[in-house]
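Chemist: structure of the sequence below:
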Amino acid sequence: MAQTGTMKPLRIKLSEERRELLISATRRLFAQEFDREISEFQASRLIDFFVKSLGAPVYNQAVQDVRAAVQGKLDDLDGEFYEPEER
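Modeler: Model (predicted):
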């Protein structure tokens, strides 16, 4: 879908609670998998980077997946819900 002059880009905002959970999980990952301690600031910067880099593509893919699933249901609407008419 082309972006028009009036449309604004999607800005993904994490709740403070989710952000804190992701920061903690990122710090644990680095400690467990890479044997490296990172600061809360470093983890926060990583979260910002990945949300900025991956947020829109993942969101758009999710929208396309939902669209395909809904379209599949609509395509089979007659098969799912058709009631024969009595004559």
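
Chemist: I'd like the distance between the residue nearest the centre of the chain and Ser39.
Modeler: Centroid-nearest residue in the chain: Tyr59, 4.2 Å away (criterion: Cα atoms, centre = their mean). The gap separating Tyr59 from Ser39 is 28 Å, by Cβ to Cβ, to the nearest Å. Using the backbone N, CA and C atoms, a C-beta is placed for each residue, glycine as well.

Chemist: what does Asp65 give?
Modeler: Taken as Cβ to Cβ, the span from Asp65 to Ser39 is 36 Å.

Chemist: repeat that for Val51.
Modeler: 18 Å.

Chemist: out of these two, which sits in the busier spot?
Modeler: Val51 (17 against 10; other Cβ atoms under 10 Å).

Chemist: for the one helix or strand that one maps to, name the packing helices and strands.
Modeler: Per DSSP states H and E: Val51 is located in helix 40-75. Helices and strands touching helix 40-75, by 3 or more Cβ pairs under 8 Å, 6 or more residues apart in numbering; DSSP states H and E, are helix 16-34.

Chemist: so which bits of stretch 18-34 are buried?
Modeler: Using 16 or more other Cβ atoms under 10 Å as the burial criterion, the residues of stretch 18-34 that qualify are 19, 22-23, 26-27, 30.

Chemist: and that stretch, how far out from the chain middle?
Modeler: From the chain centre to the centre of stretch 18-34 is a distance of 19 Å (Cα atoms, centre = their mean, to the nearest Å).

Chemist: which one in the protein is furthest away from the centre?
Modeler: The chain, Cα atoms, centre = their mean, max distance from centroid: Arg87 (49.9 Å).

Chemist: now do that one, the pLDDT please.
Modeler: We have a pLDDT of 77 for Arg87.

Chemist: what do you get for Asp75?
Modeler: At Asp75, pLDDT is 84.
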